[in-house]
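Engineer: quick one: sequence plus predicted model below, questions after.
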Amino acid sequence: MTHHPTDTADTAVASEPETMIEFDDVTKIYSDQTVAVEEISFAVERGTTTVFVGPSGCGKTTTMTLVNRMQDPTEGTVYYDGTDVQELDKVDLRRDIGYVIQEIGLFDHMSVGENIATVPELKGWDRSRIDDRVDELLELMDLPPAQYRDQYPTELSGGQQQRVGVARALAADPDVILMDEPFGALDPITREELQNEFLEIQDRIDTTILFVTHDINEALKMGDKIAIFDVGELVQYGTPQEILHDPANDFVEEFIGADRTLKELQITPVRDVMQQDVEAEHVADGEPTDQSPSVAETSTATTAPLADGTGDHYVTPTDTVDIALSRMIEADATSLPVVRDDDVVGAITEADIRAHQSDGGA
């Protein structure tokens, strides 16, 4: 999976997944008799990111907007935390769900802090709680509050505006966030930066996210699960690895495109492949270890820069495997330490990556 609610270094046993959103035989037909989606059924687990992907006009945005009742189904039921959304007040529901769109929709006459505070104010939070939440979210978005809180949207870059849009969606600590092409209008470099930052943020929050995109590479990168749509039909629903390894039909195979092996390397996080049973202090000191002799052989060359912040001959658990391979080549090494918060928490080797690939990404 691309995102994991808890790090694999944690030893707690995960409980059974809990469904947050469920589509039960849902059909939406517009007044002109256009069938937007037809008889779709799937469940979204709490705390995960599910990406809706497909060509324009396939029904992915319609499906997402059925959750916050911007549209209502013609047939079938959409459940929100176990309750039929038709039984929920539209205004209250929308205030409980964060919403991020491509156009961002910030209020230009309001400061950054005021934009982020919009929903908490509507929900009646007290001033000190709102101020604390605004500062907390600006820090999370790498926008220092003292510098950005009182600025206006027109003073910000596109990437900074989108960060504020995400912060506003998170402001009232919603259980669910809907994101409609949130990074689509950004340049490729900024888009990749925000994708990476959002994946790190999602590792620290317990929010269920529905994310719409037309870009299969973004879907593979961002999603725990992917729902592939084609002209109102849900063609396939599964993890990125399941879709890469077993496309449901020719449409999915063609939509994914070539180089499926490379795509898998680009979406597989190091934490899915790394060894955690190495003795981290020995790896860091370059001492031999029975668990991973190849790490010890390269660790002297690769961990010294960690102390003074120079060099990049290591990876983090959230880096992808293609990054690990690239850094191995740069370091002329067959393994790298895996570092989290300046601590060595494991190692990844070429052999680990080959074994993962031969196991079908399991």
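Structural biologist: Ah, there it is. Every value quoted in this text rests on a predicted model; they were computed, and no experiment measured them. Residues are numbered from 1 along each chain as shown.

Engineer: tell me which helix or strand the closest residue to residue 158 other than its chain neighbours sits in.
Structural biologist: Excluding its sequence neighbours, the residue lying closest to residue 158 (CB to CB, 6 or more residues apart in numbering) is residue 186, at 5.6 Å. No exception for glycine: its C-beta is placed from N, CA and C like everyone else's. In this structure, residue 186 sits in neither a helix nor a strand according to DSSP states H and E.

Engineer: do the one 10 residues further on as well
Structural biologist: Assigned by DSSP H and E, residue 196 belongs to helix 188-202.

Engineer: can you pull the buried residues of that helix?
Structural biologist: Neighbour counts over helix 188-202 (16 or more other CB atoms under 10 Å) mark 190-191, 193-195, 197-199, 201-202 as buried.

Engineer: what is that helix packed up against?
Structural biologist: helix 158-170, helix 216-222 (3 or more CB pairs under 8 Å, 6 or more residues apart in numbering; DSSP states H and E).

Engineer: let's see that with 10 Å instead.
Structural biologist: Here helix 188-202 touches strand 49-53, helix 127-140, helix 158-170, strand 208-213, helix 216-222, going by 3 or more CB pairs under 10 Å, 6 or more residues apart in numbering; DSSP states H and E.

Engineer: and the next helix or strand past the worst-scoring helix or strand of the chain on mean pLDDT?
Structural biologist: Every helix and strand of the chain was ranked by mean pLDDT, DSSP states H and E. The lowest is helix 293-308, at a mean of 40. Next helix or strand after helix 293-308 toward the C-terminus (DSSP H and E): helix 321-331.

Engineer: quick check: next helix or strand after that following helix?
Structural biologist: Toward the C-terminus from helix 321-331 - assigned by DSSP H and E - lies strand 335-340.

Engineer: low pLDDT regions in the chain?
Structural biologist: Counting by pLDDT under 70, the ranges of the chain that qualify are 1-17, 277-312, 360-362.

Engineer: now do the domain split for it, please.
Structural biologist: Following automatic domain parsing, the chain resolves into domains at 19-267, 270-358.

Engineer: just the endpoints, please. Distance across the last one?
Structural biologist: It stands for domain 270-358. Domain 270-358 has an end-to-end distance of 16 Å (CA to CA, to the nearest Å).

Engineer: so residue 161 sits against residue 154, correct?
Structural biologist: Yes: counting by CB atoms under 10 Å, residue 154 is a contact partner of residue 161 at 9.0 Å.

Engineer: show me which of those two is the more surrounded one.
Structural biologist: Ranked by neighbour count (other CB atoms under 10 Å), residue 161 and residue 154 place residue 161 first, with 20 against 9.

Engineer: before we move on, back to that, would you convert the buried residues of helix 188-202 into TSV that also reports distance to residue 107?
Structural biologist: TSV is the format used below for these (distance: CB to CB, whole Å):
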residue	distance to residue 107
190	22
191	24
193	25
194	21
195	25
197	23
198	22
199	28
201	23
202	26
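
Engineer: between the residues you listed, which is closest to residue 128?
Structural biologist: Within the buried residues of helix 188-202, the smallest distance to residue 128 is 23.9 Å, found for residue 201 (CB to CB).

Engineer: excluding chain neighbours, give the residue nearest to the closest one in space.
Structural biologist: In space, and not counting its chain neighbours, residue 201 is closest to residue 140: 6.2 Å by CB to CB, 6+ apart.

Engineer: measure that neighbour to residue 162 for me?
Structural biologist: To residue 162, residue 140 is 14 Å away according to CB to CB, to the nearest Å.
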